[in-house]
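Peer 1: how would this look folded up:
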Amino acid sequence: MERYIRNMEALSVEEIKILNNSKVCVVGCGGLGGYIIEMLARIGVEYITAIDGDVFDETNLNRQLVSHTKNMGKSKSIEAKKRIELINPHTYINAIDMMIDQSNSTSLLKDHDVIIDALDNIKTRILIQSTSSKLNIPMVHGAIGGFYGQVTTIFPNDNTLDFLYPKDSRGEKGIEKKLGNPSFIPPLIASIEVAEVIKILINRGDLLRKKILLIDLLNNSYDIIHIE
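Peer 2: Numbers count the residues shown, from 1 in each chain. As a prediction, this is how the structure comes out:
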């Protein structure tokens, strides 16, 4: 437990053991996902599935934690695994070097305690929500763009993303493609997503369930919208 001793004022020994025995699936290993995976490993989640079929390119260097000049063209999920092996050898990273889609979502997402959306693709986010609901697994959604970000926690059948992304406005990409992603926004939103995951796993604290946290760093605005 020496590794986790600095967590112990915030978490009990029993809660740390819960994290040690939890299985979390992170879909997307880029801007949000890289930070999420590392935070989970450092706090003690010892089984993480990391799903991403993409590779790093030079445009990722401005914000993606796992990217560096020597791993351009390499798999994001496999590079995340290599990084975590150096940080916490107790954490097993199940690196899935493929994109999630309708044909494989059930097999990839099943048997986890929580699923985390770290995507930039609205269509796939909706797929994850649907599959998570069928599997009876809670999920945490995060999205970023420019100075802005949002987080919500979605339990089976909540269908919160249907509120955020009405059917007539669902493109392939979210607003991040238009607004860009500066370096400071991914770690902020990722940290809030991880906090939600931890609260789900230890069953303590106030979740962002049926609530959406909207963050505007340009104007220092933090708002919670209730959707029921």
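Peer 1: buried sites along stretch 64-74?
Peer 2: Neighbour counts over stretch 64-74 (16 or more other Cβ atoms under 10 Å) mark Q64, L65, V66, S67, N71, K74 as buried. Placement of C-beta: from N, CA and C, glycine included.
Peer 1: list of residues touching that stretch?
Peer 2: The contact list for stretch 64-74, computed with Cβ atoms under 8 Å, 6 or more residues apart in numbering, reads 29-31, 34-35, 37-38, 55-58, 60-61, 76, 79-80, 83, 186-187.
Peer 1: recalculate using a threshold of 6 Å.
Peer 2: Residues outside stretch 64-74 that contact it (Cβ atoms under 6 Å, 6 or more residues apart in numbering): G30, G31, G34, Y35, V55, F56, N60, L61, E79, A80, R83.
Peer 1: in contact with the last one, which residues?
Peer 2: It refers to R83. When contacts are counted by Cβ under 6 Å, 6+ apart, R83 is found next to V66.
Peer 1: could you find the closest non-adjacent residue to T91?
Peer 2: In this structure, T91 finds its nearest non-sequential neighbour in A41, 4.2 Å apart by Cβ to Cβ, 6 or more residues apart in numbering.
Peer 1: so which elements touch the helix or strand harbouring the one you found?
Peer 2: Using DSSP states H and E, A41 maps to helix 31-43. Applying 3 or more Cβ pairs under 6 Å, 6 or more residues apart in numbering; DSSP states H and E, we find helix 31-43 packed against strand 23-27, strand 47-51, helix 76-87, helix 185-202.
Peer 1: from the contacts of stretch 64-74, list just the buried residues.
Peer 2: Taking 16+ other Cβ under 10 Å as the criterion, what is buried in these is G30, G31, G34, Y35, V55, F56, N60, E79, A80, R83.
Peer 1: for those, which one is nearest R3?
Peer 2: Among these, R83 lies closest to R3 (Cβ to Cβ), at 16.7 Å.
Peer 1: tell me the strands in this protein, going along the chain?
Peer 2: Remark: strands assigned in the chain by DSSP state E are 23-27, 47-51, 92-96, 114-117, 139-145, 148-154, 211-216, 221-226.
Peer 1: what strands line up against the last one, and which way round?
Peer 2: This points to strand 221-226. strand 211-216 (antiparallel) (DSSP bridges).
Peer 1: now the fifth one
Peer 2: Next to strand 139-145 in the sheet, as set by DSSP bridges, lie strand 114-117 (parallel), strand 148-154 (antiparallel).
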